[in-house]
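Kindly return the folded structure for what I paste below:
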Amino acid sequence: MTSPSRLSLSTLVALTLALVLALPATAAVDPVGEWPLEPPEVVAGFDPPETTWGAGHRGVDLAGRPGQPVRTALAGRIAFVGTIAGRPVVTVSHGDTRTTYEPVTTSLPRGTRVAAGSVIGSLGVTGSHCFPAACLHWGWLRGETYLDPLRLVGGGPVRLLPLEGLGPAPGDLGSQTALPRTSPYAGWVPPATGLRLWP
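From the prediction side, this is the model:
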């Protein structure tokens with residue numbers, strides 16, 4: 001026969017486990033990836049569109065040189081090799097996300113498994129966003145939502161959190177609960193560039 005104290009302890013453990021399993025999962029932590037080009041030099045940052053077909057920059061551009069080896073940011077499988085809008089594109093699937101690289105030519109066939117940092121092709125100039133110079137347009141998507149690929153290498157938007165118990169700072173985007181949620185990028189602010197702090 002089970003004692004009342006033992007029964008209540010096992011009931012408490014079961015209830016706690018049931019509660020933990022019923023809670024919604026928290027946002028996944030971004031995977032840690034590799035830079036597709038070495039040395040990395042970002043020449044155009046991520047600027048997501050306001051609407052599905054709106055203007056914006058759905059990835060980042062990295063300066064490079066023609067023929068430079070391009071590496072996959074994360075381990076995965078080559079999901080697409082082909083031409084889109086006149087540009088050679090390689091797409092690598094990583095489960096629920098995928099990264100895109102253009103203009104990149106490759107000899108790897110679709111379905112090839114690749115490790116993070118593996119060479120997946122070489123950088124071209126045709127279709128380069130930086131023409132006549134060469135640069136890699138690097139994208140990252142989850143479903144149809146574009147993500148900032150710099151998050152894979154420790155970049156992307158930074159948000160400082162307030163000290164415990166002090167509440168949100170004035171103007172903090174996290175305190176603006178009335179933002180319209182017409183876009184998955186609502187509330188995203190591009191990183192500041194070209195700021196001068198002194199004359």
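
use CA for all of it now, contacts and neighbours both
Will do.

ranges for the helices of this protein?
In chain order, the chain shows helices spanning 4-22, with DSSP state H as the criterion.

low-scoring stretches of it, by residue?
Regions of the chain meeting the criterion pLDDT under 70 cover residues 1-28, 156-199.

Not counting its own residues, what contacts stretch 95-112?
Taking C-alpha atoms under 8 Å, 6 or more residues apart in numbering as the criterion, the residues outside stretch 95-112 that touch it are 70, 72-73, 76-81, 87-93, 120-128, 136-143.

Now that we have those residues, which of them are buried?
Those of the contacts of stretch 95-112 that meet the buried threshold are 70, 72-73, 76-79, 81, 87-93, 120-128, 136-141, by 16 or more other C-alpha atoms under 10 Å.

Report the beta-bridge partner residues of residue 105.
With beta bridges defined as DSSP bridges, residue 105 has these partners: residue 122.

what's residue 121 in contact with, if anything?
The contact partners of residue 121, by C-alpha under 8 Å, 6+ apart, come to 69, 70, 71, 104, 105, 106, 107, 108.

and those residues as TSV, adding distance to residue 48?
Written out in TSV, the entries for those read as follows (distance: C-alpha to C-alpha, whole Å):
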residue	distance to residue 48
69	27
70	24
71	24
104	22
105	26
106	28
107	31
108	30
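
And stretch 71-87, end to end?
One end of stretch 71-87 to the other measures 18 Å (C-alpha to C-alpha, to the nearest Å).
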